[in-house]
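Engineer: can you look at this prediction? I've put the sequence above it.
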Amino acid sequence: METAILSCRCIDSQPPPSVEALQFSPDGRWLAVGRSSGIVEVFSSYSRQLKLRLSTASCSSVRNVIWLPLTPAAAAALAASEAGKGCSEFSDFTEFSAISLFEWRLITAGLHGVITSWNLRTCRAQAECPSNGGAVFALCRCSPDLGLPFFAAACDDGRVRLLRVSGPAARACSSSSSGSSSGSSSSEDPYAGLLAADAEDDEAEEEILVTHTLPKTKSRLLSICWYSRDLIFAGSSTSSIFRFSRLGPHHPFVADGHMALDAGPAKGEAIAAAIAAVAAATAAAVAAATAAATAAATAAGTAAGTAAMGASNVLDIQLLQSTDSSSSSSSSSTKSSSSSSSGSSSSSSSSSSSSAQQQQLMGDLNEQVVLSLGVDGKLAAISVTEVCTKRNIH
């Protein structure tokens, strides 16, 4: 019996890297895509063509992408975006269409634990900074009332780190903030002092610096939201949302609040995969957990309502401003029915205060929609008022 010996050649073929981060530029013209291999791609949101591809040996993972302005014009576009005046109108597009792609800076971070600033003109890493806390699962720009270029990072070691970028981004933000507001209390903030120092030094090289490290939590942090000047939220892998606050500009952030998420019928822990700030006078936050979205009142640190988003786990959420009149009318009718039902069942003080809290939330949030992305790849949309009125619906 003869035996045939065959020679073969093995070729290492790897699957294409998955997309793990998406972020539009504040003017809406560009889309940054972060891949698991550490490659960053920038597409035109209008022509849908690839404009740039960024990579470096020191960046092996991209889980988060944020945009920072380099010029006063880009800073003005960012301020308009933060104020809810996006480039949805043609006039807005014409106003911000002169802003070049090179007037922005990309900040990325990932599982390798290094935060990178990308120069879009040279397609190279402009500055890098280790997180000193392992993998970075989330990045978030600071609140609009504080002023860029500050951002927060949620790290694997259970700490929130506050960082700033010096150089051109600091000068752009300083000129924008000085032109828009003068004599405000932000001049007394140490963060604003750092920003002014960077703006005065025209020869300063760009750096990413860790300015503050917040108190340690007991589990890794997966999401982050810098809600206001003195308020930060962080979601953990153990069904918890932590609140950090400070008394004033010259006081440190302390952990003063904790909220547990309800996993519902699903066994295990409800991972807080994403947190987004809701623009409301009552200060509410929305967190993405196991197949549900939760609206939380920040003042009390308690859940204002929970609504199911679908059959699969929620990976990310975005808040959209609804302009549909029908959705507005339905939300207003929901508000009136909720107020009448709460008025008829106000026997106990706790239930009346809870319903009053929900009514106050709905009064400010009836135009916002939560858009979520699940594990199954499907998108789901639900109004914030529905989240506030439906409690523990799974």
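Structural biologist: Cool, got the structure. Numbers count the residues shown, from 1 in each chain.

Engineer: got a list of what I208 touches?
Structural biologist: Counting by Cβ atoms under 8 Å, 6 or more residues apart in numbering, I208 touches 107, 115, 117, 127-129, 163-165. Every C-beta, even on glycine, is put in place using the N, C-alpha and C of the backbone.

Engineer: tally up the residues packed near the closest residue to S236 other than its chain neighbours, please.
Structural biologist: Nearest residue to S236, sequence neighbours excluded (Cβ to Cβ, 6 or more residues apart in numbering): S219, at 4.4 Å. Here the count is done by other Cβ atoms under 10 Å, and S219 has 14 residues near it.

Engineer: likewise for E128?
Structural biologist: Applying the criterion other Cβ under 10 Å, we find 14 residues in the vicinity of E128.

Engineer: wait, a strand at it?
Structural biologist: Yes: counting by DSSP: H, G, I helix; E, B strand; the rest coil, E128 is part of a strand.

Engineer: which strand residues bridge it?
Structural biologist: T116 (DSSP bridges).

Engineer: now the one 10 residues further on
Structural biologist: Beta bridges link A138 to A154, judged by DSSP bridges.

Engineer: make sure it is actually in contact with D156.
Structural biologist: No: counting by Cβ atoms under 8 Å, no contact exists between A138 and D156, whose distance comes to 10.9 Å.

Engineer: of those two, who's got more company?
Structural biologist: With neighbours defined as other Cβ under 10 Å, A138 and D156 compare such that A138 has more, 23 against 18.

Engineer: so what's that one up against?
Structural biologist: Under the criterion of Cβ under 8 Å, 6+ apart, the contact list for A138 reads 63-64, 153-154, 221-224, 274.

Engineer: for the residue nearest to S236, give me the pLDDT.
Structural biologist: On pLDDT, S219 comes in at 88.

Engineer: now A21
Structural biologist: A21 is assigned a predicted lDDT (pLDDT) of 86.

Engineer: separation between it and R63?
Structural biologist: Taken as Cβ to Cβ, to the nearest Å, the spacing of A21 relative to R63 amounts to 6 Å.

Engineer: if I look at these two, which residues touch both of them?
Structural biologist: With the criterion set as Cβ under 8 Å, 6+ apart, the overlap between the contacts of A21 and R63 is G34.

Engineer: can you tell me the element A152 falls in?
Structural biologist: Assignment of secondary structure by DSSP states H and E places A152 within strand 150-155.

Engineer: now do the strand or helix carrying A276: which elements does it pack against?
Structural biologist: Following DSSP H and E, the helix or strand that holds A276 is strand 274-278. Applying 3 or more Cβ pairs under 8 Å, 6 or more residues apart in numbering; DSSP states H and E, one finds that strand 274-278 contacts strand 221-228, strand 231-236, strand 284-289, strand 314-321.

Engineer: ok, 6 Å please
Structural biologist: Where contact means 3 or more Cβ pairs under 6 Å, 6 or more residues apart in numbering; DSSP states H and E, strand 274-278 is packed against strand 221-228, strand 284-289, strand 314-321.

Engineer: what is the mean pLDDT for that strand?
Structural biologist: In this model, strand 274-278 has an average pLDDT of 75.

Engineer: each with direction, which strands does that strand pair with?
Structural biologist: Each strand that strand 274-278 pairs with, and the sense of that pairing, follows from DSSP bridges: strand 284-289 (antiparallel).

Engineer: and the contacts of A138, which two are the farthest apart?
Structural biologist: With distances taken as Cβ to Cβ, the most widely separated pair in the contacts of A138 is A153 and A274, at 14.8 Å.

Engineer: where along the protein do the helices fall?
Structural biologist: For the chain, the helices identified by DSSP state H occupy 72-82, 90-96, 168-180, 190-200, 325-344, 349-365, 384-389, in order along the chain.

Engineer: which one of those has the lowest average pLDDT?
Structural biologist: Taking each of the helices of the chain in turn, the lowest mean pLDDT turns up on helix 325-344, with a mean of 41.

Engineer: kindly state the beta-bridge partners for M259.
Structural biologist: I241.

Engineer: counting neighbours, what do you get for it?
Structural biologist: Residues within reach of M259, counting by other Cβ under 10 Å, total 22.

Engineer: who are the neighbours in contact with W30?
Structural biologist: 42, 101 (Cβ atoms under 6 Å, 6 or more residues apart in numbering).

Engineer: oops, could you answer that again for S240 instead?
Structural biologist: S240 touches A260, counting by Cβ under 6 Å, 6+ apart.

Engineer: also S237?
Structural biologist: With contacts defined as Cβ under 6 Å, 6+ apart, S237 is in contact with 219-220, 222, 271.

Engineer: what about it, distance to A138?
Structural biologist: Separation of S237 from A138 (Cβ to Cβ): 12 Å.

Engineer: cool, and S25?
Structural biologist: 19 Å.

Engineer: which residues does the nearest residue to S25 once chain neighbours are set aside bridge with?
Structural biologist: Sequence neighbours aside, W67 is the residue nearest to S25 in space, at 5.0 Å (criterion: Cβ to Cβ, 6+ apart). Listed by DSSP bridges, the beta-bridge partners for W67 are L106.

Engineer: distance of A274 relative to S18?
Structural biologist: Look at A274 and S18: by Cβ to Cβ, they are 17 Å apart.
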